[in-house]
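Asks: how does the following fold in three dimensions:
(2 chains)
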Amino acid sequence: MVTLTIDGMEVKVPEGTSVLDACREAQVIVPTLCKHPDLEPTAACGICIVKINGRMLRSCCTPVAEGMQVITRDPDIMKARKTIVELILSRHPNDCLGCLKNGNCELQDLAQEFALDKDAFANITPTSEEMPIDKSTGCIQIDPRKCVQCGRCVQVCQNVQNVYALSSLKRGIHTRMAPAGDLPLDDSPCIKCGQCSAHCPTGAITEVDETGKVWNYLQDATKTCVVQIAPAVRVALGEAFGYKSGDLVTGKIYAVLRRMGFKAVFDTNFAADLTIMEEGSEFVKRFTTEPERLPLITSCCPAWVDYLEKIDHDMIDHFSTAKSPQAMLGALAKTYYAEKIGVEPKDMIVVSIMPCTAKKWEIKRSAEMFHDGVQNIDVSLTTRELVRMIKQMGVDFNNLPDEEADSPLGQYSGAGTIFGFSGGVMEAALRTAHYLITGKELENLEFDQITNLNEGAKEMTLTIAGKEIHIAVAHGIKNVSSVLEKVRRAKANGEKTPYDFIEVMACPGGCVGGGGQPLGVTNAVRKARQDGLKNDDRKSKVRCSHLNPDIQKLYKEYLGAPLSEKAEELLHTHYVARPLYNK
Amino acid sequence: MNEENKAKVDAIIRKWSGKRGALIMALHELQGQFGYVPWEEALYLGQELGIPMAKIYECLTFYNYFKVKAPGKYVISVCDGTACHIKGGASLIEELEKELGVPAGATTDDGLFYVQVVRCLGCCGLAPVMVINGVTYGKLTTDKIKSIINEWRAKEGN
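Replies: From the prediction side, this is the model:
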């Protein structure tokens, strides 16, 4: 332990702690713009400057030392911090009122804290013609004029996600966070995971807002609008209305969506159960009769699908062809459900609420996302966009009475809800795979070894009917490479695959930490949201997908059996190798 | 990328593969071979050396020395070092930009001329100086620029 003095208080912290973190230990808040708890310090912004033994230093990248005397606030320090913010604002558009991050912006918070002189420096913000917004992906937009050059987006894209779509181009005042060659983001390796938007302190990187489109559909009397919500939305949306991370607000979300005008409110969790039926059956088929086609790799994360098609396309044969829950629900809404209520698919609008920016890409990614020329899902909104809509509509969300989802696409098992965190898809799949192989239910339904969020790549061996199933689970897409390398090596050497079943989620923590979720995510928030979903599972009467009565009914009435011709037509897709760059 | 170019890049890869600090040296050699750092060749080099294009472009755009677009057939180096600057180097640059219609650091639309500003050409006694493809023009004045450029244009037969 190291002892130092912070603003006159004696503080003891472990060796190697940064002065910034030591201050936090002592309940002293030193403002920063570039340092994020998920990321390494880069000393980019200079706002966290403090006096250490009389010298002005950046606290994020200065480790503590024995006997250090730290002062966090005095007139010199405040003047230095204020000048930095004033310089940033001299090259920042005066557009707060129209900005998606208004009220949720770290730069705005600092401007307030420092009581700025807004005319301290002449405003030299480039025009939007000189620095246009990049909306090419349709998922994420980059407005370089609002960039404060903190580098968080580049760090998360390169070091956490291993995607290397964004880079820090040029230098000094000309620095831009953009793809190599200044290509549009859509022509770069970007997988639309949205972690850049989740880490950006300002409005420079956000989701592409499509709330207006949804309001228009809801106003259109010729359209029947239905909606689905994803697992991870229910444990995060409440944060915007004063709830704690992980608090379940499922019933209130159903209620608010009905008040918006949706004719039916469905739950993606139902389709998650269906994904398990299809993917689980796919696994059991390969495991029992086609071992050479193992491992099977999960495909419900669209950012991972994009990554695989661009980077790991040698693994396409191992990818589950089962569509994601979002896509399955969309396909069924405009066929099974549309037939039931006698509405033409072209007159139905399906909206989904997802924790994810890449889901906006998924709804158009291949021919299987359309049926008879009609796109199955019309708009995919992020959790943040739904928050915006709720705030726009004038409803007292916190006091809404809870409501239930609609049948036939709304009832879910506990296995469906745990799709929202890393390891959850695998756990859900194993519950059903065990039944499909042995005809018996698992005794212990939870596998903490693969659902813990502390490790990026997790392994487990489970014995079913005397046969070992080797499992790997990776989250945070950087962690997938070590898993796939082992598979490649075994294949090259003609050895048995080290894993039979692999789950991948692109975002750290899985969808609970998705790129479209409410901002301010840290590991503690990810864990709290995961605990919320675990509670949802534990309190479910039915905890296995194959026991969901509505799933059983759907197969009986419409699909026949998993992997049937009808199921293949509606619920499966295919993948193609694509180049890293389009240039 | 054609076979000839691939062979050139392969030689650079063989030389620098596995070495510390390989990227910047390999990029120097790439530019030495091609006169600039072409996209496809850089992408291939990066794949072989295990360096993402994002990192390559961070390096290429940080240093003024690197070019990511093909320079013109005739490279005009104008000096704006101390001696040339005092003797009117900056006005030469202005005149060149006017005559060619592109700013320094860019190539003319016909692909003929590329203007680069350099800090010394090693002949300060001749200040202000410019060099076009190895031909040195000393003690220059702005009124001579047009005719010099026209001499080079004449080589193209237009």
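Asks: burial count for A:Thr298?
Replies: 24 (other C-beta atoms under 10 Å in any protein chain shown). Bear in mind the C-beta positions are built from the backbone N, C-alpha and C, glycine included.
Asks: can you give me the end-to-end distance of stretch B:69-76?
Replies: This stretch, stretch B:69-76, spans 15 Å end to end (C-alpha to C-alpha, to the nearest Å).
Asks: touching chain A at all, that stretch?
Replies: No: for a cut-off given as C-beta under 8 Å from any C-beta of the partner chain, stretch B:69-76 has no contacts with chain A; the smallest distance is 10.1 Å.
Asks: off-centre distance for that stretch?
Replies: The chain centre lies 6 Å from the centre of stretch B:69-76; the measure is C-alpha atoms, centre = their mean, to the nearest Å.
Asks: now swap in stretch A:133-153 and tell me
Replies: 17 Å.
Asks: could you do stretch A:553-564 as well?
Replies: With C-alpha atoms, centre = their mean, you get 31 Å for stretch A:553-564.
Asks: now do the buried residues in it.
Replies: Under the neighbour-count criterion of 16 or more other C-beta atoms under 10 Å in any protein chain shown, stretch A:553-564 has A:Leu554, A:Tyr555, A:Tyr558, A:Leu559, A:Pro562, A:Leu563, A:Ser564 buried.
Asks: now swap in stretch B:40-55 and tell me
Replies: Neighbour-count burial for stretch B:40-55 [16+ other C-beta under 10 Å]: B:41-46, B:48-49, B:51-55.
Asks: same question, stretch A:101-115
Replies: Applying 16+ other C-beta under 10 Å to stretch A:101-115 flags A:Lys101, A:Asn104, A:Cys105, A:Glu106, A:Leu107, A:Gln108, A:Leu110, A:Ala111, A:Phe114 as buried.
Asks: these in helices, which ones?
Replies: Using DSSP state H, the members of the buried residues of stretch A:101-115 that fall in helices are A:Glu106, A:Leu107, A:Gln108, A:Leu110, A:Ala111.
Asks: residues of the stretch 101-250 of chain A that sit close to chain B?
Replies: Within reach of chain B by C-beta under 8 Å from any C-beta, the stretch 101-250 of chain A has these residues: A:154, A:157-158, A:164-171, A:179-181, A:189.
Asks: filter those residues down to the buried ones and hand me the ChimeraX line.
Replies: Selection of buried members from these for ChimeraX, criterion 16+ other C-beta under 10 Å:
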select /A:154,157,158,164,165,166,167,168,169,170,179,180,181,189
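Asks: from B:Ala26, how far off is the residue of chain B positioned farthest from its centre?
Replies: In terms of distance from the mean C-alpha position of chain B, B:Gly18 ranks first, at 28.4 Å (C-alpha atoms, centre = their mean). Distance, B:Gly18 to B:Ala26, using C-beta to C-beta, to the nearest Å: 12 Å.
Asks: cool, and B:Ile149?
Replies: 35 Å.
Asks: so what touches the least confident helix or strand in chain B by mean pLDDT?
Replies: Lowest on mean pLDDT, DSSP states H and E among the helices and strands of chain B sits strand B:113-118, with a mean of 90. For strand B:113-118, the external contacting residues (C-beta atoms under 8 Å, 6 or more residues apart in numbering or on different chains) are B:71-81, B:93, B:96-97, B:100, B:102-108, B:149, B:152.
Asks: report the distance from it to the chain centre.
Replies: On C-alpha atoms, centre = their mean, the centre of strand B:113-118 falls 7 Å from the chain's centre.
Asks: can you pull out the residues in contact with the following helix or strand past it?
Replies: Per DSSP states H and E, the first helix or strand lying C-terminal to strand B:113-118 is strand B:130-132. Applying C-beta under 8 Å, 6+ apart, the contact partners of strand B:130-132 are B:74-79, B:92, B:96, B:121, B:136-137, B:140, B:148, B:152.
Asks: parallel or antiparallel, which strands does strand B:130-132 pair with?
Replies: Strand B:130-132 sits in its sheet next to strand B:74-79 (antiparallel), strand B:135-137 (antiparallel), going by DSSP bridges.
Asks: mean pLDDT and mean neighbour count added to those, as CSV?
Replies: Output for these, formatted as CSV (pLDDT from 0 to 100; neighbours: other C-beta atoms under 10 Å in any protein chain shown):
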stretch, mean pLDDT, mean neighbour count
strand B:74-79, 92, 22
strand B:135-137, 94, 14
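Asks: coming back round to it: between B:Ile149 and B:Ala26, which one's more packed in?
Replies: Neighbours per residue (other C-beta under 10 Å) separate B:Ile149 from B:Ala26, with B:Ala26 holding more: 25 against 19.
Asks: just to revisit the earlier point, and of the residues of the stretch 101-250 of chain A next to chain B, the nearest to A:Asn123?
Replies: Of all these, A:Lys170 has the smallest distance to A:Asn123: 21.3 Å, by C-beta to C-beta.
Asks: pLDDT (mean, whole number) over the helix or strand containing A:Thr206?
Replies: Assessed by DSSP H and E, A:Thr206 sits inside strand A:205-207. Strand A:205-207 shows an average pLDDT of 98 in the prediction.
Asks: number of nearby residues for A:Gly410?
Replies: As a measure of burial, A:Gly410 has 20 neighbours, counting by other C-beta under 10 Å.
Asks: and it, what are its phi and psi?
Replies: phi -120, psi -20 (degrees, to the nearest 10).
Asks: OK, contacts around the residue of the stretch 201-350 of chain A found nearest chain B?
Replies: Nearest residue of the stretch 201-350 of chain A to chain B, counting by C-beta to the nearest C-beta: A:Ile311, 10.4 Å away. Neighbour list for A:Ile311: A:Pro189, A:Leu580 [criterion: C-beta under 8 Å, 6+ apart].
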